[in-house]
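**Q** Quick one: sequence and predicted model below, then my questions.
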Amino acid sequence: METIKKGETKVMQGSQTSVATMSASQTTATAVRGLETKNVHAWFGKHHVLSDVSLQFPERTVTGLIGPSGCGKSTFIRLLNRMHEFIPSAAMAGQVLQDGQDIYSPDVDAAAIRLKVGMVFQKPNPFPAMNIRENVLSGIKLAHLKVADHDSIVENCLTRAGLWKEVKDRLTATGGSLSGGQQQRLCIARSLAVEPSVLLMDEPCSALDPGSTLRIEETIKELAEKIAVVIVTHNMQQAARVSDFCAFFLTDGGPGYLVEADATKKLFTNPTDTRTADYVQGKFG
Amino acid sequence: MIKVMSVVPSVESTPDPRELFVIYNRADRIFRRIVTSGALTSLILLGLIGTFLFVRSAQIFNDRGLKFITGSNWTAGSGDGVIPDDFSIGPMLTGTILVSVIALIIAMPLAIGGALYIEFYAASRLRKLLSTMLDLAAAIPSLIFGLWGVVLFTSFGERWSILLNSRFGWVPFIKVQAEVFGRSPFVAGCVLASLITPIITSVSREVFSRTPRDLIDTCYALGSTRWGAIKTVVLPFGRSGVIGGAMLGLGRALGETVAVYLLLNIVFRYNFRILESEGGNIASLIALKFGEATEYELKALVAAGFVLFLLTLVVNMFAATIVEKSTRRK
């Protein structure tokens, strides 16, 4: 029997954890609806890049991952949907649970996990050979999902990504004809089309202007009414604006580790660790 | 006193754009000359070869006209006029195209599949080994391939030919008149395919490896399989490069001499049945006849060379337009 002891994992205060009903075969006591990591480590070859991270990402929350460059945030977020293993020599330890199920267990199809845990990348990257509509529907085609009404999916996803009004009259234009911010919202719409329960965003606004950034932040907040969003950001203000919870990563030259995770308001106003205080006040990083 | 610049728009009309001058310094000038001469050399060479071939063969085209291209006879006259000279290359021209197209049809799936395997499926150590081997194979002289092909494909090719004939004998160009297999355009095509596969694979692999990593990652992040990512991102991205590689291979196949010379019974009759034991191509014709040619026959051979020269030129220009079109769409 494995139970989570209090204080052993850094459970976020005030998170909307709910105890899911367990099937008879499962022995774990509690499971978070959404994502949860337990004592996760990561390596590239012999290089230990991430050490012992335990976090929870419950549904209907936005979690910001903050910290200076090279502290393992991006590695960590790529562990959450098994994108980590595409890098040659990448290795990991620990558990990543999606609705209580270990996504790294041998009988789990990684492609099915990535369908549930979507990802938006730093650089806006609509598929160049496709138009806007095809881009939105690309995930459905790639995963061979059976869908009755393509039009309503296109409209629904583009609306949720805050792009519908701008592109509804030119759905057959190429993705490349849009501005950078619009392209990124198209990429968000593309991720939403396969109905993920978690959306991972790796610095989604770092290549965008302030106006587009604001639009995307609004989108993120709307998305969090239904799903869990995890966002890596270098922008402290952005973390403060969009996230409900924040996790602060740091490295002392060795592997990156988790310093503190808490409700965003608390982390920014009254952090437990002095290093967190220094970082959020802009004293280093 | 500081004069404040006026922000009131000028009353005069919009000025003409100024002419811009570029000043090259000494090193830049010298380097510029070197690279320019380099670029011109290839152009001049091409022009000179074309002119030489044309001048040397002008008499043939003058004497025989279009019949040189369409006719199907190659007889050296007796010199005293009893048997007249009769030179034409029709079957050799069609044979050149036939054998090359067979080679390309066999080589393309192998090359694309091989390139995708090396780039996306092979373990990293195997990938390095394979791509090195591939580049080596692309550099092997065609004579070696020809010899190897003769040994290997005369037996294998015959078995495949029999199989093809028994299953698809009803297709006009697979049908044979007599049940004699081997030394056919099909077998020659097989050898040429093995000759051009490495170069096409090598070029395709190179292009596939340049696919933006984040696009492939995006496919995976959407729950795609590896094949899905390849179909959605890698193949559209690599299309123009693959076409370029195919044309490189086709160019090599069109001009291939030794393998065809060793493998085919050179027969002057139009033959489009790929399993029939007769055929030939222009390059092998030249190799076959060059040694004992009379002065006039030599001119005819040069004329044949000129036709081959034009054919490769046209193929390459055609390829260039395809590549340009498919890249422009992005």
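**A** Alright, I've got the coordinates.
**Q** can you count the residues close to residue 265?
**A** Went with chain A since none was named. Using other C-beta atoms under 10 Å in any protein chain shown, residue A:265 has 14 other residues around it. Using the backbone N, CA and C atoms, a C-beta is placed for each residue, glycine as well.
**Q** Switch to chain B, please.
**A** Around residue B:265 there are 12 other residues, counting by other C-beta under 10 Å.
**Q** quick one, phi/psi of it?
**A** According to degrees, to the nearest 10, the main-chain angles of residue B:265 amount to phi -80, psi 110.
**Q** need the contact list for it.
**A** Residue B:265 is in contact with B:183, B:277-280, counting by C-beta atoms under 8 Å, 6 or more residues apart in numbering or on different chains.
**Q** Leaving out the residues flanking it, which one is nearest to the closest residue to chain A within chain B?
**A** As assessed by C-beta to the nearest C-beta, chain A sits closest to residue B:223 within chain B, at 3.2 Å. Nearest residue to residue B:223 in three dimensions, chain neighbours excluded: residue A:115, at 3.2 Å (C-beta to C-beta, 6 or more residues apart in numbering or on different chains).
**Q** tell me the contacts of that neighbour?
**A** Applying C-beta under 8 Å, 6+ apart, we find residue A:115 in contact with A:139, A:143, A:194, A:196, B:222-223.
**Q** how about the helices in the stretch 1-150 of chain A?
**A** Using DSSP state H, counting those that start in this stretch, the helices of the stretch 1-150 of chain A run over A:73-79, A:110-116, A:132-142, A:150-160.
**Q** which helix of chain B spans the most residues?
**A** helix B:26-64 (DSSP state H).
**Q** which helices and strands sit right next to that one?
**A** With contacts taken as 3 or more C-beta pairs under 8 Å, 6 or more residues apart in numbering or on different chains; DSSP states H and E, helix B:26-64 sits against helix B:295-328.
**Q** Could you tell me which residues of chain B lie near chain A?
**A** Within chain B, the residues that sit near chain A (C-beta under 8 Å from any C-beta of the partner chain) are B:124, B:212, B:214-215, B:217-225, B:228-229, B:232-233, B:236-237, B:329-330.
**Q** and the stretch 51-200 of chain A, which of its residues are near chain B?
**A** So the stretch 51-200 of chain A meets chain B at A:81, A:83, A:86, A:88, A:111-112, A:114-115, A:118-119, A:121-123, A:125, A:127-129, A:138-139, A:141-143, A:176, A:187, A:190-191, A:194 (C-beta under 8 Å from any C-beta).
**Q** before we move on, back to that, mean confidence for the longest helix of chain B?
**A** Throughout helix B:26-64, pLDDT has a mean value of 91.
**Q** quick one: that helix to helix B:295-328, angle?
**A** Using axes from the mean of the first three to the mean of the last three C-alpha atoms, to 10 degrees, the direction of helix B:26-64 lies 130 degrees away from that of helix B:295-328.
**Q** Show me what counts as buried in helix B:26-64.
**A** Residues of helix B:26-64 classed as buried: B:53, B:56-57, B:60-61, B:64 (neighbour count, 16 or more other C-beta atoms under 10 Å in any protein chain shown).
**Q** Which SSE is immediately downstream of that helix?
**A** Sequence order places helix B:67-70 as the next helix or strand after helix B:26-64, per DSSP states H and E.
**Q** name the helices or strands packed onto that next one?
**A** helix B:90-116, helix B:295-328.
**Q** who wins for proximity to residue A:254 among the ones you listed?
**A** helix B:90-116 (39.1 Å; C-beta to C-beta).
**Q** Just give the number of residues close to the closest residue to residue B:87 other than its chain neighbours.
**A** Closest residue to residue B:87 apart from its sequence neighbours, by C-beta to C-beta, 6+ apart: residue B:300 at 3.8 Å. Residue B:300 has 28 neighbours, counted by other C-beta under 10 Å.
**Q** ok, residue B:300 - contacts?
**A** B:57, B:60, B:68, B:74, B:85, B:87.
**Q** go on, residue A:161?
**A** A:185-186, A:188-189, A:192, A:219.
**Q** how about low-confidence regions in the stretch 151-285 of chain A?
**A** A:285 (pLDDT under 70).
**Q** How many neighbouring residues does residue A:195 have?
**A** 16.
**Q** if I look at it, how far off is chain B?
**A** 11 Å (C-beta to the nearest C-beta, to the nearest Å).
**Q** Tell me if that residue really is in a strand.
**A** No: under DSSP: H, G, I helix; E, B strand; the rest coil, residue A:195 sits outside any strand and is assigned coil.
**Q** Can you pull the phi/psi pair for it?
**A** phi 50, psi 60.
**Q** and what of residue A:69?
**A** phi -60, psi 150.
**Q** That one is in contact with residue A:234, isn't it?
**A** Yes: between residue A:69 and residue A:234 there is a contact at 7.4 Å, judged by C-beta atoms under 8 Å.
**Q** higher neighbour count, these two?
**A** Neighbours were counted for residue A:69 and for residue A:234 using other C-beta under 10 Å; residue A:234 has more, 15 against 9.
**Q** Thanks a lot, catch you later.
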